[in-house]
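> no sequence for this one, just the structure:
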DNA sequence: TATTGTTATACTCTATAACTATA
DNA sequence: TATAGTTATAGAGTATAACAATA
């Protein structure tokens, strides 16, 4: 259960890197009209399809109230819309609008810049390979639920 | 200069992971009385020794004004103190107090929990090895200056 | 009663702008 | 004039608490 001493060091270094990387990412998306959290939601809706507020919040690992703030901005910007759930009157389904889909598509075509450029600039081919293998592991760690049940998607 | 198509995918996945991991980290440090940014500064002062506001801000990759807010909290909490720079009257040197050193030490002894535990729980030995090799690369990316010069430390 | 969503409020994190003091 | 630091202000991101509507 307790992590060994080696892992401690790796974890600490990872924590440092993540803290700095998120600042890079935030700065990079600063000029683009949407914020980091907003992009995260847009990309998720694009990848996984429409979802309820609760399901989205679980996937993003934040509270529904917090997600609501993000979704409100996206709604004002015209990127997402609410529609009624077919069978459950309490639920509302959030989906990308045509404009939202276009935004995600154009962003993808523009090349997702910053991080990819950094990797191209500062890593050797072998190092890029090593990173490519490790990233799915990071994702697995990231998607592990904190003390909660994993949310079922959309339903 | 432009990253190839393979890297794009890795970068995108990395971005997703980093966004979620930082939420994990924030939650993990929530109960401990200090926030994520505060911990980052405390650990840096412990690793690298006393520093001026400007140097610290550069290392943390935020503006001096932003750093000031963090340092103010740490000062109120008694973890750091300001002292005059020996030769330059404009500068102020920030250093850990005895209490700050104790805090960092105890935190280290307690085991830096969350991330290390996740790694122990959800990764095979081979996967841990792969991650351990990739983390220094992440750090290299993270420490690359955005459009700025790297700050010289303390002086 | 439990779940879904919402509104109100507050605190952290970071930025920009404008200022003072020192070099 | 340039640099180091500070204060004021604002917006993003998230949390808790309290509530309404529906199941």
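Ah, there it is. Small disclaimer: the values here were computed from a predicted structure and weren't measured. Residues are numbered from 1 along each chain as shown, chains lettered A, B, ... in the order given.
> Can you tell me the SS state at the residue of chain A found nearest DNA strand D?
For chain A, the residue closest to DNA strand D is residue A:89, as judged by C-beta to the nearest atom of the strand, at 2.6 Å. For the C-beta atoms, the positions are set from N, CA and C on the backbone; glycine is no exception. With DSSP: H, G, I helix; E, B strand; the rest coil as the basis, residue A:89 sits in coil.
> neighbours of the nearest residue to residue A:44 once chain neighbours are set aside, just the number please.
Counting by C-beta to C-beta, 6 or more residues apart in numbering or on different chains, the nearest residue to residue A:44 once its immediate chain neighbours are dropped is residue A:59, at 6.2 Å. Residues lying near residue A:59 (other C-beta atoms under 10 Å in any protein chain shown) number 20.
> Quick check: residue A:59 vs residue B:23, distance?
12 Å (C-beta to C-beta, to the nearest Å).
> Can you get me the start-to-end distance on stretch A:116-129?
One end of stretch A:116-129 to the other measures 13 Å (C-alpha to C-alpha, to the nearest Å).
> Determine whether any part of that stretch lies close to chain B.
Yes. Stretch A:116-129 is in contact with chain B by C-beta under 8 Å from any C-beta of the partner chain, via A:116, A:117, A:118, A:119, A:120, A:121, A:122, A:123, A:127, A:128.
> before we move on, which element is the residue nearest the centre of chain A in?
Nearest to the centroid of the C-alpha atoms of chain A, with distances taken as C-alpha atoms, centre = their mean, sits residue A:40, at 3.5 Å. Using DSSP states H and E, residue A:40 falls within helix A:36-48.
> If you count contacts, what does that helix end up packed against?
Contacts defined by 3 or more C-beta pairs under 8 Å, 6 or more residues apart in numbering or on different chains; DSSP states H and E place helix A:36-48 against helix A:5-28, helix A:53-60, helix A:64-76, strand A:80-84, strand A:92-96, helix A:98-110, helix B:5-28.
> can I get these in TSV with distance to residue B:95 and mean pLDDT?
Shown next, in TSV, are these (distance: least, C-beta to C-beta, whole Å; pLDDT from 0 to 100):
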stretch	distance to residue B:95	mean pLDDT
helix A:5-28	20	93
helix A:53-60	38	98
helix A:64-76	36	97
strand A:80-84	48	97
strand A:92-96	49	98
helix A:98-110	44	91
helix B:5-28	25	93
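> count of neighbours near the closest residue in space to residue A:29 that isn't next to it in sequence?
Leaving aside its chain neighbours, residue A:29 sits nearest to residue A:36 (5.3 Å; criterion: C-beta to C-beta, 6+ apart). By other C-beta under 10 Å, 20 other residues sit near residue A:36.
> and what of residue A:102?
Residue A:102 is flanked by 12 other residues according to other C-beta under 10 Å.
> roughly how far apart are it and chain B?
Residue A:102 is 18 Å from chain B, where distance means C-beta to the nearest C-beta, to the nearest Å.
> Next: residue A:60.
In terms of C-beta to the nearest C-beta, residue A:60 sits 8 Å off from chain B.
> can you count the residues close to that residue?
20.
> Would you confirm that it contacts residue A:40?
Yes. Contact criterion C-beta atoms under 8 Å: residue A:60 and residue A:40 qualify, at 6.4 Å.
> Common neighbours of these two, please.
By C-beta atoms under 8 Å, 6 or more residues apart in numbering or on different chains, residue A:60 and residue A:40 have no common neighbours.
> who in chain A is up against DNA strand D?
A:26, A:35-38, A:60, A:62-63, A:65-66, A:69-70, A:73, A:87-90 (C-beta under 7 Å from any atom of the strand).
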